[in-house]
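Need a 3D model of the sequence below.
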Amino acid sequence: QLQLVESGGGLVQPGGSLRLSCVVSGFTTGDTYAIGWYRQAPGKEREGISCILNYNNNTAYADSVKGRFTISRDGTKNTVYLQMGSLKPDDTGVYYCAAKRTQFRDCVIWNFQYWGQGTQVTVSS
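Numbering: from 1, shown residues only. Next up is the predicted model:
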């Protein structure tokens, strides 16, 4: 059974940094998949912000986080990270890790089928 468990959320001041982690379990050796990060602010729709492919490390970012957030993965720990910097109050929300099976060359932030429970990130002074 595929499972995604996020951690690392919390309260941070504007301009600060935070690293989120997503531990992925349930895939088998040889599976090709993407891990994505989404977020949902109060009263807003869920927004896809980044993804990474497990077989070529191709990455993608939404314009709203490009240049401030970095996604990476550690295959030995089955963990995907989202390093967030220059945080703004608009980055506040619940951050979700997601997964989908894929074989495309490029990571595309859409159509994810499996979801974690989310972790709260609050950017406030």
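
Give me the mean pLDDT for stretch 22-34.
Model confidence over stretch 22-34 averages 95 on the pLDDT scale.

What of stretch 80-93?
The predicted confidence, averaged over stretch 80-93, sits at 98.

my read is Ala99 is in a helix, agree?
No: Ala99 sits outside any helix when classified using DSSP: H, G, I helix; E, B strand; the rest coil, being strand.

Show the contacting residues for the spatially most central residue of the chain.
For the chain, Trp37 is the residue whose C-alpha lies nearest the centre (CA atoms, centre = their mean; 2.4 Å). When contacts are counted by CB atoms under 8 Å, 6 or more residues apart in numbering, Trp37 touches 20, 22, 48-51, 71, 80, 82, 95-98. In this view, the C-beta of every residue, glycine as well, is placed from N, C-alpha and C.

what helix or strand is it on?
strand 33-40 (DSSP states H and E).

Neighbouring strands - and their directions - for the very next helix or strand once past that strand?
Once the chain leaves strand 33-40, the next helix or strand it forms, by DSSP H and E, is strand 47-53. Pairing partners of strand 47-53, with direction, according to DSSP bridges: strand 33-40 (antiparallel), strand 59-61 (antiparallel).

Return the set of buried residues in strand 47-53.
48-53 (16 or more other CB atoms under 10 Å).

again with stretch 52-62
Using 16+ other CB under 10 Å as the burial criterion, the residues of stretch 52-62 that qualify are 52-54, 59-62.

that older thread, in the buried residues of strand 47-53, find the pair that's most separated.
Across the buried residues of strand 47-53, no pair lies farther apart than Ile49 and Leu53, at 15.8 Å, counting by CB to CB.

roughly how far is the strand holding Trp37 from the heart of the chain?
Averaging C-alpha positions (CA atoms, centre = their mean, to the nearest Å) puts strand 33-40 4 Å from its chain's average.

Please report how far Asp63 lies from Gly75.
As defined by CB to CB, to the nearest Å, Asp63 lies at a distance of 28 Å from Gly75.

Check which helix or strand the nearest residue to Val23 once chain neighbours are set aside maps to.
With CB to CB, 6 or more residues apart in numbering as the criterion, Val23 has its nearest non-adjacent residue at 4.8 Å, and that residue is Val5. When elements are defined using DSSP H and E, Val5 is found to belong to strand 3-7.
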